[in-house]
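*Asks:* 3D model of this:
(chains A and B)
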Amino acid sequence: MNGPGGVRPAYAMLAKWLEATPREVIDYRRREAEFIFRRIGITFAVYGNAEAQERLIPFDIIPRILMADEWKKLAKGLEQRVTAINHYLKDIYGKREIMRAGKVPEDLIFENPVFRPEMNGKPVPHNIYVHIAGIDVVRVNENDFYVLEDNTRVPSGVSYMLENREIMLRLFPELFIDHRVEPVDNYPDELLTTLKSVAPVSSSGEPNVVLLTPGIYNSAYYEHSFLADKLGIEIVEGRDLFVKSNILYMRTTEGPQRVDVIYRRVDDDYLDPLVFRPDSSLGVPGLMSAYQAGNVTLANAVGTGVADDKAVYSYMPEIVKFYLGEEPLLKNVETWRCREKDHLKYVLDNIDELVVKEVHGSGGYGMLIGPKADKNQIDTFRHKLKTDPRNYIAQPTLALSTCPTAVNEGVAPRHVDLRPFVLTGRNRVRIVPGGLTRVALEKGSLVVNSSQGGGTKDTWVLDR
Amino acid sequence: MRIRIVHETLYRYDTPAKSAIQLLRMTPRNHDSQYVVRWRVDVSEDCRLDQREDAFGNLTHSFTLDGPISELRIGVDGEVETQDTAGVIRGTVERFPASLYLRETDLTKPDDAIVEFAEKIGKRKGASLEKLHRLNASIFEGFTFLPNETDTKTTAAESFAMKSGVCQDYSHVFVASARHLGIPARYVGGYFLRGDGMNQQQAGHAWSEAYLDDLGWVAFDPANGIAATDAHIRVAIGLDYMGAAPVRGVRFGGTGEKLSVNVNLDQSSRQSQS
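*Replies:* The predicted structure follows:
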């Protein structure tokens, strides 16, 4: 929305509908949506919250709407960004040209726990590291999207994008008559095509793709089984796989079957007890040898965390320019790197106006929102910043755009972000129009993470 | 000095294992003060040994075995010609700038006690080299060598609290302390020919290397309180034990594993002694 009074053209029709629809109907549909979500069993485990181990992510029935040309611009920027990230990772684990050129400091990479020495000098199939990226963007004005975070390890949330649409189609078929909304239900096909396209050259015939999950206790297990089902591929755990003579096999009732591509939802640390954490039973012993022999593709590759680390984030505009020779289409939020003395000083002097984040934190944990923090919290962070500056970055609080959202008091503006999913295959990048819109349900809140009480919305990209 | 190494690792199972997979780091490479005259790695069962280089430039062999396996023997037999360079190690295979070896790992994360210990040494006057010698000596003098008290999962902090452990633990404490002082340091696994004629050993040896701008990598052996000499045979390096472990493996099925390790070192040719 354009603040109070003004309605973006994208929302014109929806606004009319909201006006014409009685409150009770909207409330009723809201409850219906919640009922359906409960019945399908989409829940989300919140870490560090014993009372609510599994809970529902609140779903808001009012969609977030983007016009076709807005989306086109965003999609171009996403493709550019992810393409640059793939060049960057190939370089970081290969020739290290960007470090030699002095654009990214060596210690930021080599001393970074998410840089995986094990990947150094080992090519990956088709030179693609990030096959699936979830780029979190926010909009701060009419024209500009800012990237908040590049999620290049195992981004989750795409099942919500798909489920949210299904529920909207069910509950509000009439809205889809008025609005020509780009479909998202081709995402599983696009993902499978992408994954098959990156099979190792040595694999023969139709590539065998499996989804590797840490198991039913993982917070995203629902999504894992949902996606495996939609893709029509096997969902496996580490114990279902084994490596022999550097070839990866899946145990089946008809004997071992070779696996060519793993869509892995297991973190690097747990992938192979012979190379990473020796106590991991979630991975496959010998997987890294098979991977480095070029006999299996991991999607995403190992070691991609060195692209989405919050300290590396601040170099992303440089990274785009360095590899593509283009100006970045998506903006970066101004970021102070506390590892640099003058930046640290600025952050300490202005801490009450800034958002301070842990370099390796995620899910909204371990951060300080200056304007909302009390003196105690600020003092704690000052201390943390002084003792371990390298672990922190700081950013200004952004005036995030808001979207009309159904809340208890009726319909009110709430802050939103958007996570589109960018798929990179052998020959091309695919982006399903839309993504996962997350909404901060508390009035004025800027934290949209589902672990911190955020909700989701369906995201509509109109076809004109 | 020319040293012959015979190293046998034997696994026995009460009920046979169904299959096993192992990654070995048991093959030394040449550097300026170490020349590998001959080296053989043999696995008792019929399998293909796949040789590669790992992230840190170590030679690895991996193999998979189908069972039933009731006994698995890994035999190493080789001869190495060494020179004493007062611990200065040159001509090694390096895949990263030295600063990579400032990375903390689970096994080498310093706790408050190690931080205090390291900073006390760091505050003393003198060059980094002297501080490293001091660190080496402090660990040697302050620790009691106790086999069987610690295992491969023991962290530097745990061993530091007990002030005891085996060479592995000594090395972890050294590495954790040096890194805390901003000096790149790494774990070294290999063999040590003891001066007391105890040539039969139950395990290999472990020590550390630290990087100094003027000298490059210098090897310290805190378990013996010395810089490495021509009695040290350098096999593998890593950020900690996990990165240089001679064997990392997983076995499926089988129970009652009994592991015995026999290392036999011998000075094989007295003529070459300098």
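*Asks:* Pop the domain breakdown of the chain in here.
*Replies:* Chain wasn't specified; assuming chain A. Domain assignment of chain A by automatic domain parsing yields the ranges A:9-105+A:134-184+A:405-461, A:336-396.
*Asks:* should've been chain B
*Replies:* Split by automatic domain parsing, chain B gives B:2-81+B:247-272, B:84-244.
*Asks:* can I get these in CSV with mean neighbour count?
*Replies:* Every C-beta, even on glycine, is put in place using the N, C-alpha and C of the backbone. Shown next, in CSV, are the domains of chain B (neighbours: other Cβ atoms under 10 Å in any protein chain shown):
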stretch, mean neighbour count
domain B:2-81+B:247-272, 17
domain B:84-244, 19
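*Asks:* before we move on, the earlier item: is it possible to get CSV of the domains of chain A that adds mean pLDDT, distance to B:K258 and mean neighbour count?
*Replies:* Below are the domains of chain A laid out as CSV (pLDDT from 0 to 100; distance: least, Cβ to Cβ, whole Å; neighbours: other Cβ atoms under 10 Å in any protein chain shown):
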stretch, mean pLDDT, distance to B:K258, mean neighbour count
domain A:9-105+A:134-184+A:405-461, 87, 40, 18
domain A:336-396, 88, 41, 17
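*Asks:* Which one of those lies nearest to chain B?
*Replies:* Chain B sits nearest to domain A:9-105+A:134-184+A:405-461 of all these, at 9.2 Å, using Cβ to the nearest Cβ.
*Asks:* near chain B at all, the closest one?
*Replies:* No - contact of domain A:9-105+A:134-184+A:405-461 with chain B is not found when judged by Cβ under 8 Å from any Cβ of the partner chain; the minimum separation is 9.2 Å.
*Asks:* Can you tell me which residue of the stretch 101-250 of chain B sits closest to chain A?
*Replies:* B:V250 (3.8 Å).
*Asks:* Can you tell me the element that residue falls in?
*Replies:* strand B:247-252 (DSSP states H and E).
*Asks:* Pull up the residues of the stretch 151-300 of chain A that are close to chain B.
*Replies:* Contact residues (Cβ under 8 Å from any Cβ) of the stretch 151-300 of chain A with chain B: A:242-246, A:273-275, A:278-279, A:285-286, A:289, A:292-293.
*Asks:* Apply 10 Å and report the result again.
*Replies:* Residues of the stretch 151-300 of chain A lying close to chain B (Cβ under 10 Å from any Cβ of the partner chain) are A:239, A:242-247, A:269, A:272-279, A:281, A:283-286, A:288-290, A:292-293.
*Asks:* Go through these and flag which are in helices.
*Replies:* Those of these mapping onto helices are A:M288, A:S289, A:A290, A:Q292, per DSSP state H.
*Asks:* Could you let me know which of those residues ends up closest to chain B?
*Replies:* A:S289 (5.1 Å).
*Asks:* contacting residues for that closest one?
*Replies:* Residues in contact with A:S289, defined by Cβ atoms under 10 Å, 6 or more residues apart in numbering or on different chains, are A:243, A:245-246, A:248, A:272, A:274-275, A:295-296, B:21, B:23, B:50, B:52, B:60, B:62-64.
*Asks:* Next: A:V439.
*Replies:* A:58-60, A:62, A:64, A:402-403, A:405, A:407, A:414-417, A:445, A:448, A:454-457.
*Asks:* same question, B:H205
*Replies:* By Cβ under 10 Å, 6+ apart, B:H205 lies in contact with B:166-168, B:171, B:188-194, B:221, B:223-224, B:228, B:231-235, B:263, B:265.
*Asks:* most surrounded residue in the ones in helices among the residues of the stretch 151-300 of chain A next to chain B?
*Replies:* Using other Cβ atoms under 10 Å in any protein chain shown as the neighbour test, those are led by A:M288, with 28 neighbours.
*Asks:* For it, give me the pLDDT.
*Replies:* On pLDDT, A:M288 comes in at 96.
*Asks:* in chain A, which strand has the most residues?
*Replies:* For chain A, the longest strand by residue count, based on DSSP state E, is strand A:410-419.
*Asks:* How far does that strand sit from its chain's centre?
*Replies:* How far strand A:410-419 lies from its chain's middle: 18 Å, per Cα atoms, centre = their mean, to the nearest Å.
*Asks:* Next: stretch B:89-104.
*Replies:* With Cα atoms, centre = their mean as the basis, stretch B:89-104 stands 15 Å off its chain's centre.
*Asks:* how far does it stretch from start to finish?
*Replies:* Chord length of stretch B:89-104, first to last residue, is 23 Å (Cα to Cα, to the nearest Å).
*Asks:* Could you pull up the mean pLDDT of it?
*Replies:* On average, the pLDDT along stretch B:89-104 is 96.
*Asks:* How about that stretch and chain A, touching?
*Replies:* Yes - part of stretch B:89-104 sits near chain A under the criterion Cβ under 10 Å from any Cβ, namely B:R95, B:F96, B:P97, B:A98, B:S99, B:L100, B:Y101, B:L102, B:R103, B:E104.
*Asks:* Quick check: phi and psi on the fifth one?
*Replies:* Recorded main-chain torsions at B:S99 are phi -60, psi -20, according to degrees, to the nearest 10.
*Asks:* That one contacts B:R186, doesn't it?
*Replies:* No - in this structure, B:S99 is not within contact of B:R186 by Cβ atoms under 10 Å, at 11.8 Å.
*Asks:* what sits in contact with each of these two?
*Replies:* Taking Cβ under 10 Å, 6+ apart as the contact rule, B:S99 and B:R186 both touch B:Y211.
*Asks:* Run through the residues of the stretch 51-200 of chain B sitting next to chain A.
*Replies:* Where proximity means Cβ under 10 Å from any Cβ, the interface of the stretch 51-200 of chain B facing chain A comprises B:52-57, B:60, B:62-66, B:95-106, B:152-153, B:179, B:184.
*Asks:* and those, which of them are in helices?
*Replies:* Judged by DSSP H, helices contain the following of these: B:R179.
*Asks:* Keep only those of the residues of the stretch 51-200 of chain B next to chain A that are in strands.
*Replies:* B:R52, B:E53, B:T60, B:S62, B:F63, B:T64, B:L65, B:D66.
*Asks:* Could you identify the most distant pair in these?
*Replies:* Farthest pair in these (Cβ to Cβ) is B:E53 and B:D66. Separation: 26.5 Å.
*Asks:* Next, the closest residue to A:E182 other than its chain neighbours: phi, psi?
*Replies:* With Cβ to Cβ, 6 or more residues apart in numbering or on different chains as the criterion, A:E182 has its nearest non-adjacent residue at 3.8 Å, and that residue is A:P433. When read as degrees, to the nearest 10, the backbone of A:P433 gives phi -60, psi 120.
*Asks:* show me what contacts A:P433?
*Replies:* Going by Cβ under 10 Å, 6+ apart, A:P433 touches A:66, A:68, A:71-72, A:74-75, A:181-184, A:186, A:420, A:459-463.
*Asks:* tilt between the lengthiest helix in chain A and strand A:410-419?
*Replies:* Ranked by residue count and defined by DSSP H, the top helix of chain A is helix A:68-92. Orientation note: helix A:68-92 sits at an angle of 40 degrees relative to strand A:410-419 (axes from the mean of the first three to the mean of the last three Cα atoms, to 10 degrees).
*Asks:* which residues sit against stretch A:14-33?
*Replies:* Contacts of stretch A:14-33 (Cβ under 10 Å, 6+ apart): A:1, A:7-8, A:11, A:58-63, A:65, A:164, A:167-168, A:170-172, A:174-175, A:178-179, A:404, A:406-408, A:410-411, A:460.
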